[in-house]
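A.B. asks: sequence below, structure please.
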Amino acid sequence: MDWQPIETAPFGQDLQLSVIENGEVHALVFPCRRTEGGWLRGLTRQLISIRPTHWRHWQLAAQRELALQAVR
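C.D. replies: The predicted structure is shown next:
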């Protein structure tokens with residue numbers, strides 16, 4: 001799936017987000033979830049302070065497993 005504008009991001013689903021930092025676009029390597037209160041890390045459900053610009057569905061189970069290993 002192609003990148004979509006952040007305003008269209010669905011709630012309560014694992015998503016891959018992109019952010020602009022120092023003028024460069026970066027895709028986050030962990031899944032995130034949109035909530036009424038902000039963005040959560042998909043695996044830990046911790047609130048994170050980010051300003052994403054685009055989203056797409058979190059596609060790869062292998063990426064999810066790598067992200068899960070990173071928080072252990």
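A.B. asks: what comes up buried for stretch 31-39?
C.D. replies: 31-34, 39 (16 or more other Cβ atoms under 10 Å). C-beta coordinates here come from the backbone N, C-alpha and C atoms, glycine included.
A.B. asks: let's have those residues in a markdown table, adding pLDDT.
C.D. replies: Listed next are those as a markdown table, based on pLDDT from 0 to 100:
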| residue | pLDDT |
| --- | --- |
| 31 | 93 |
| 32 | 95 |
| 33 | 96 |
| 34 | 96 |
| 39 | 97 |
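A.B. asks: ok, these vs residue 11, which is closest?
C.D. replies: Closest to residue 11 out of the buried residues of stretch 31-39 is residue 34 (5.0 Å), distances taken as Cβ to Cβ.
A.B. asks: quick check: which ranges of this protein have low pLDDT?
C.D. replies: 1, 60-72 (pLDDT under 70).
A.B. asks: show me the helices in it, by range?
C.D. replies: 61-71 (DSSP state H).
A.B. asks: now go through the buried residues of stretch 31-39 and say which are in strands.
C.D. replies: 32-34, 39 (DSSP state E).
A.B. asks: any chance of those residues in a markdown table, with distance to residue 13 too?
C.D. replies: Listed next are these as a markdown table, based on distance: Cβ to Cβ, whole Å:
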| residue | distance to residue 13 |
| --- | --- |
| 32 | 10 |
| 33 | 7 |
| 34 | 8 |
| 39 | 12 |
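A.B. asks: could you list the buried residues of stretch 21-31?
C.D. replies: 28, 30-31.
A.B. asks: no no, stretch 2-10
C.D. replies: 6, 9.
A.B. asks: start to end distance for that stretch?
C.D. replies: 15 Å (Cα to Cα, to the nearest Å).
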